[in-house]
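S.K.: sequence first, predicted coordinates after that:
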Amino acid sequence: MPRDSSDGGLSCHLIRISSQARQSPKTGPCTVPAIVAIAKGGLTPPWPGGHRPCVTFTLPRPPAPDPLRDALFLDFDGTLVPLAERPEGVVVTSALIDRLHRLTDLFDGRLALVSGRAIAVLDEFGLSGLPMAGSHGAEWRLADGQHDALPRPAALDDAKTAFVAFADAREGVLFEDKPLGAALHFRLAPGAADDAIALATSHAGGLHLQHGHAMIEVRVPGVHKGTAIAAMMARTPFAGYNPLFLGDDVTDEDGFAAAARLGGHGVLVGPSRQSNATFALSDPVAVNAWLAELLEPAR
Ligand SMILES: O=P(O)(O)OC[C@H]1O[C@H](O[C@H]2O[C@H](CO)[C@@H](O)[C@H](O)[C@H]2O)[C@H](O)[C@@H](O)[C@@H]1O
C-alpha cells in the first residue's frame, strides 16, 4: 500500500487517491494528480514538475470494539459534541450522558474521557461520574478516586495577563482561563489568528504551545493525551485491555499514537488528514451513532 512520507513524523496508509487538483495542506497548490505521481515514481519527491501530488487520505470506518477485550477513550469537543462558536456554547444532552454511562457499564468501567478541557469544566457539563483525563493530560481521575494533577506553572499568570489584554483589544477574540493553561480563541475573529499565535508563542517559554481548532493555548509541559491514556491504561480497570481512542484535533494525535503503542488504535473524527489514527468517523453525529450501535445488542 502506498505511503506518503513527505511530511515526516506521521505516516498514513493511503487508501484512496484523488485525481482532482486541490490545495496541498503543506506546500501550496498541488497540480499533479497523485495517480500521475505514482506512475512517475511514487509519492515522495521528486514529483513530476516539482509539484506535490494531490492526495486524499481516507481511513476506514472502525470495527465495533469488543467489550470483553477493549477500553474506550473519548475526546470531548469535536468528537462527542459538535464544535460551537464559543467554548461555553457546546451542548451536552442527557441522552449523551446516559449513553456514556451505559457504555461504561457495557465495558465494565473501561471508558474514559480524554480532553483538553479541565476536569472541573467537564464536571460542570454533567460528566462527573465518568473516569477522565483533562487539561491535555495534565490531570486525570478514575472512578475509584485515584487521581493525579500537575501543579500550575507560575508562567501561566503572565500569559493570562497578556492574553486578557489582547482579547479585550481585538473584537471577537475570546480568552479562556484554564487551571493548567491559558487560551485565546479566534473562531469569531479569524483575522486575529496570526497575532494570537505570535503572542502565545512569545509566552510559551517553560510552557507547551498547544495548537487547536481556531485556538492557541499555553499549558503545562511534559504531558499530553498519550501520557494520560498510558497512565490510565496502567491502572485498574483499564490494565490488560486494548485502548481505542477517538479524537478530532491535533492534540489527539499523541493519544492515537499511545493507543496504537498499547495494542489498540486511534479513530480520527472529521476530515481526512495525515494522522496516527488508522480508522475514521466523519463527525460527532457519526461518533454518537457508532457508540449507540454498540449498545444495541445489550438492549
Ligand atoms: O480535547 P478536547 O475535548 O477536544 O478539547 C479541546 C478544546 O476544546 C474547546 O475548544 C474547542 O471547542 C470550542 C467549543 O466547541 C470551540 O469554540 C473552539 O474553537 C475549539 O477550539 C475548549 O474551549 C478548549 O479549552 C479545549 O482545549
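M.R.: Good, I have the coordinates.
S.K.: of all of the stretch 101-250 of the chain, which residue lies closest to the ligand?
M.R.: Residue nearest to the ligand within the stretch 101-250 of the chain (C-beta to the nearest ligand atom): G116, separated by 2.6 Å. Heads up, the C-betas are built off the backbone N, CA and C, glycines and all.
S.K.: assign a three-state SS to that residue, would you?
M.R.: Three-state call for G116 (DSSP: H, G, I helix; E, B strand; the rest coil): coil.
S.K.: how many neighbours does it have?
M.R.: A count of nearby residues for G116, using other C-beta atoms under 10 Å, gives 29.
S.K.: can you pull the contacts of it?
M.R.: Neighbour list for G116: F76, D77, G134, S135, H136, G181, Q210, G212, E217, D249, T251 [criterion: C-beta atoms under 8 Å, 6 or more residues apart in numbering].
S.K.: A277 versus that one, what's the distance?
M.R.: Applying C-beta to C-beta, to the nearest Å, the value for G116 to A277 is 17 Å.
S.K.: elements contacting the biggest helix by length in the chain?
M.R.: For the chain, the helix with the greatest residue count under DSSP state H is helix 155-169. Under the contact definition 3 or more C-beta pairs under 8 Å, 6 or more residues apart in numbering; DSSP states H and E, helix 155-169 sits against strand 174-178, strand 181-185, helix 193-202, strand 215-219.
S.K.: would you turn these into TSV with distance to the ligand, mean neighbour count and mean pLDDT?
M.R.: Output for the helices and strands packed on helix 155-169, formatted as TSV (distance: least, C-beta to the nearest ligand atom, whole Å; neighbours: other C-beta atoms under 10 Å; pLDDT from 0 to 100):
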stretch	distance to the ligand	mean neighbour count	mean pLDDT
strand 174-178	5	18	98
strand 181-185	5	25	98
helix 193-202	11	16	98
strand 215-219	4	25	98
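S.K.: CSV for the ones you listed, including distance to V91?
M.R.: Listed next are the helices and strands packed on helix 155-169 as CSV, based on distance: least, C-beta to C-beta, whole Å:
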stretch, distance to V91
strand 174-178, 18
strand 181-185, 18
helix 193-202, 26
strand 215-219, 19
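S.K.: can you give me the strands in the stretch 1-150 of the chain?
M.R.: Listed in chain order, the strands found in the stretch 1-150 of the chain under DSSP state E, counting those that start in this stretch are 23-24, 28-29, 32-33, 53-54, 70-74, 111-114, 132-134, 139-141, 147-149.
S.K.: mind saving the C-alpha coords of the fifth one as CSV?
M.R.: Going back to what we said before, that points to strand 70-74. Taking C-alpha atoms only, strand 70-74 is exported to CSV below (Å, rounded to 0.1, in the frame of the first residue of the first chain):
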residue,chain,number,x,y,z
ASP,A,70,-11.2,-3.3,24.6
ALA,A,71,-11.2,0.0,26.5
LEU,A,72,-12.8,3.2,25.1
PHE,A,73,-11.1,6.6,25.4
LEU,A,74,-13.1,9.5,24.0
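S.K.: that one pairs with which strands, parallel or anti?
M.R.: As defined by DSSP bridges, the strand partners of strand 70-74 come to strand 111-114 (parallel), strand 242-247 (parallel).
S.K.: and the first one, how far out from the chain's middle?
M.R.: Going back to what we said before, that points to strand 111-114. How far strand 111-114 lies from its chain's middle: 12 Å, per C-alpha atoms, centre = their mean, to the nearest Å.
S.K.: now do stretch 282-299
M.R.: Relative to the centre of its chain, stretch 282-299 is centred 19 Å away, using C-alpha atoms, centre = their mean.
S.K.: now that stretch: buried residues?
M.R.: D283, P284, V287, N288, W290, L291, L294 (16 or more other C-beta atoms under 10 Å).
S.K.: of these, which belong to strands?
M.R.: Of the buried residues of stretch 282-299, none are assigned to strands by DSSP state E.
S.K.: tell me the two of the residues you listed that are most distant?
M.R.: Spanning the widest gap among these are D283 and L294, at 17.7 Å by C-beta to C-beta.
S.K.: and the stretch 1-150 of the chain, which residues reach the ligand?
M.R.: Within the stretch 1-150 of the chain, the positions adjacent to the ligand are 75-78, 83-87, 89-90, 115-117 by C-beta under 6 Å from any ligand atom.
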